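Enquirer: With the input below, show me the fold.
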Amino acid sequence: MTDDDPSPKNPLAPYSPSDTPDVPGTGRTWFALLLAAMLLLGAAYGVLSLLFAGL
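Expert: Model (predicted):
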């Protein structure tokens, strides 16, 4: 194999560096907002279920 030959792709890697999918900034922002909302709603549900469990 000479230096002019393209390097073989690593079969263990799911993506080569040029094939890595790109998530735009707005997609990351919406994902972070939805994740934060899920965590807050889950915590609120846990607190309310503890409060109403005694009734």
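Enquirer: Could you check the pLDDT of Leu41?
Expert: pLDDT for Leu41: 98.
Enquirer: again but with Asp5, I slipped
Expert: Taking Asp5 on its own, its pLDDT is 51.
Enquirer: Output the below-cut-off pLDDT ranges for the chain.
Expert: Scanning the chain with the threshold set as pLDDT under 70 gives 1-23, 55.
Enquirer: Helices of the chain, residue ranges please.
Expert: Ranges of helices in the chain, per DSSP state H, are 25-53.
Enquirer: Show me what counts as buried in stretch 25-32.
Expert: Counting neighbours by 16 or more other Cβ atoms under 10 Å, one finds that stretch 25-32 has no buried residues. Glycine gets a C-beta too; all of them are placed from N, C-alpha and C.
Enquirer: and that stretch, C-alpha only, in PDB?
Expert: Extracted in PDB, the C-alpha atoms of stretch 25-32 (Å, rounded to 0.1, in the frame of the first residue of the first chain):
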ATOM      1  CA  GLY A  25     -28.100  24.600  16.400                       C
ATOM      2  CA  THR A  26     -31.800  25.000  16.500                       C
ATOM      3  CA  GLY A  27     -32.300  21.300  16.800                       C
ATOM      4  CA  ARG A  28     -30.000  21.100  19.800                       C
ATOM      5  CA  THR A  29     -31.800  24.000  21.400                       C
ATOM      6  CA  TRP A  30     -35.300  22.400  21.000                       C
ATOM      7  CA  PHE A  31     -33.900  19.100  22.300                       C
ATOM      8  CA  ALA A  32     -32.500  20.800  25.400                       C
END
